[in-house]
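Participant: I'll drop the sequence and a predicted model, then ask my questions.
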Amino acid sequence: MDVVRWGIVATGNISGSFTKDLALLPDAEVTAVASRSMAAADRFAETHGIAQRFDDYRALIDSKAVDVLYIGTPHPQHYAVARAALDAGIAVLCEKPITLNARQGRDLVELSRRTGTLFAEAMWMRTDPVIQAYFEDLRSGVIGEPLQVLADFGFFKPQLPERLLRPDLGGGALLDLGIYPATFAYMVLGKPEAMTAMAQLSDEGVDLVTSMIWKYPAAMASLTCGMTAQLPWIASVSGAEGSLMLPGRWHHPDHYVRRTAAGDEQIAVPKSGLGYHYEAAEVMRSLRAGLFECPAFPHDETIDILELLDEARRQTGVVYPGDDEYLGG
Ligand SMILES: NC(=O)c1ccc[n+]([C@@H]2O[C@H](COP(=O)([O-])OP(=O)(O)OC[C@H]3O[C@@H](n4cnc5c(N)ncnc54)[C@H](OP(=O)(O)O)[C@@H]3O)[C@@H](O)[C@H]2O)c1
């Protein structure tokens, strides 16, 4: 597989950013795009120089024109599209959250294992060079044992995208934004022994703000996300000897701050693009190695995090129409 052939499902915001970054990989080629409408598929294909276009997601899967499918639809559609691709033996890199809930996620992981077809959550954080350097520093013990995690993700826009507000599109802050602080805390401390969550809900029943406390035997994580205020948008880990902080907009970090008795140091890490090609490269390495699970995107951890989000939603009363969809046996 000299060149890996990618297919893009859906032509929205993140599909555009991801496809732009894919162009940075010389051994990747986007050979096909699928949209719900031919006009959008054509527009996207013209912008990114893609040869094959489909006005139906299924038609792309059936075409066998790709080695791996990238899924950038709203969350409720991830499950059926990913399942159809895995069933057809096509590898999948699926946007986060991979499904609305852990039950659906476990079904996809089981299908991936059963068919030996690669399946991965597009969680950029796990392959971003700045965040990797950050975690290496943390593991070196420079701040001592991690005792507290503080992380937030959130913004306000006068006109929020409809997707974020509609229950049928999996709207709400937790699944769209809170999954990042949750993944960060999980990467530092693993699964908590207890957790509590509170939320402010919209009239339609999606969470506008969710805050969670995760408790560990010797550590705590305070995590928040929201769509009503301009949050500081930081992620930090503190120990007895200091802290490591990813400053504002840690979605696209270019440095982190190490605070110890030696003072504050800004650690810059070189990177290119928006950072999405690092996750794509990990998928391509794994495909070539014949793996169905990328080392950087462990299935069990993806599911653990979905279970924690399920529990937060149970405590805050956020339910989606798509929650009951289940295609497994
Ligand atoms: N990794 C990241 O940094 C990141 C950032 C943003 C979002 N995301 C994730 O990526 C997914 C998409 O987010 P986005 O911001 O790109 O959303 P978006 O701009 O609204 O695009 C979503 C696309 O999905 C397709 N779609 C399928 N069914 C739809 C429906 N019923 N209503 C609306 N669109 C539908 C549409 O494409 P067609 O019309 O072409 O079919 C639409 O353009 C979400 O799961 C989100 O959590 C990830």
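Facilitator: Received the coordinates, thanks.
Participant: need phi/psi at the closest residue to the ligand within the chain.
Facilitator: Nearest residue of the chain to the ligand, counting by C-beta to the nearest ligand atom: residue 12, 1.8 Å away. Where C-beta positions appear, they are placed from N, C-alpha and C, glycine not excepted. Dihedral pair for residue 12: phi -80, psi -160, per degrees, to the nearest 10.
Participant: contacting residues for it?
Facilitator: 72-73 (C-beta atoms under 8 Å, 6 or more residues apart in numbering).
Participant: what's the spacing between it and residue 163?
Facilitator: 8 Å (C-beta to C-beta, to the nearest Å).
Participant: show me the contacts for residue 65.
Facilitator: 5, 7, 31-32, 52.
Participant: go again using 10 Å as the cut-off
Facilitator: Counting by C-beta atoms under 10 Å, 6 or more residues apart in numbering, residue 65 touches 5, 7, 31-32, 51-52, 54, 59, 90.
Participant: one more: residue 21?
Facilitator: The contact partners of residue 21, by C-beta under 10 Å, 6+ apart, come to 28, 124, 272-281.
Participant: so which of these sit within strands?
Facilitator: Among the contacts of residue 21, the residues falling in strands (DSSP state E) are residue 28.
Participant: make sure residue 138 is indeed in a helix.
Facilitator: Yes - applying DSSP: H, G, I helix; E, B strand; the rest coil, one finds residue 138 inside a helix.
Participant: wouldn't it be in contact with residue 187 here?
Facilitator: Yes - with contacts counted by C-beta atoms under 10 Å, residue 138 reaches residue 187, the gap being 9.4 Å.
Participant: who touches both of these two?
Facilitator: residue 237.
Participant: which stretch of helix or strand covers residue 121?
Facilitator: Assigned by DSSP states H and E, residue 121 belongs to strand 119-122.
Participant: repeat that for residue 112.
Facilitator: Per DSSP H and E: residue 112 is located in helix 102-115.
Participant: just the pLDDT for the residue nearest to residue 74 when sequence neighbours are not counted.
Facilitator: For residue 74, ignoring the flanking residues on the chain, the nearest one in space by C-beta to C-beta, 6 or more residues apart in numbering is residue 169 at 4.5 Å. With respect to pLDDT, residue 169 scores 98.
Participant: tell me if I'm right that residue 169 and residue 160 touch.
Facilitator: No - using C-beta under 10 Å as the test, residue 169 is too far from residue 160 to be in contact (11.8 Å).
Participant: which one of the two has more residues nearby?
Facilitator: Neighbour totals were compared for residue 169 and residue 160, and residue 169 leads with 20 against 14 (other C-beta atoms under 10 Å).
Participant: residues contacting that one?
Facilitator: Residue 169 is in contact with 73-77, 161-163, 206, 320-322, counting by C-beta under 10 Å, 6+ apart.
Participant: the same query, at a cut-off of 7 Å, please.
Facilitator: Counting by C-beta atoms under 7 Å, 6 or more residues apart in numbering, residue 169 touches 74, 76, 163.
Participant: in JSON lines, list those along with pLDDT and secondary structure.
Facilitator: Converted to JSON lines, those look like this (pLDDT from 0 to 100; DSSP: H, G, I helix; E, B strand; the rest coil):
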{"residue": "74", "pLDDT": "98", "secondary structure": "coil"}
{"residue": "76", "pLDDT": "98", "secondary structure": "helix"}
{"residue": "163", "pLDDT": "96", "secondary structure": "helix"}
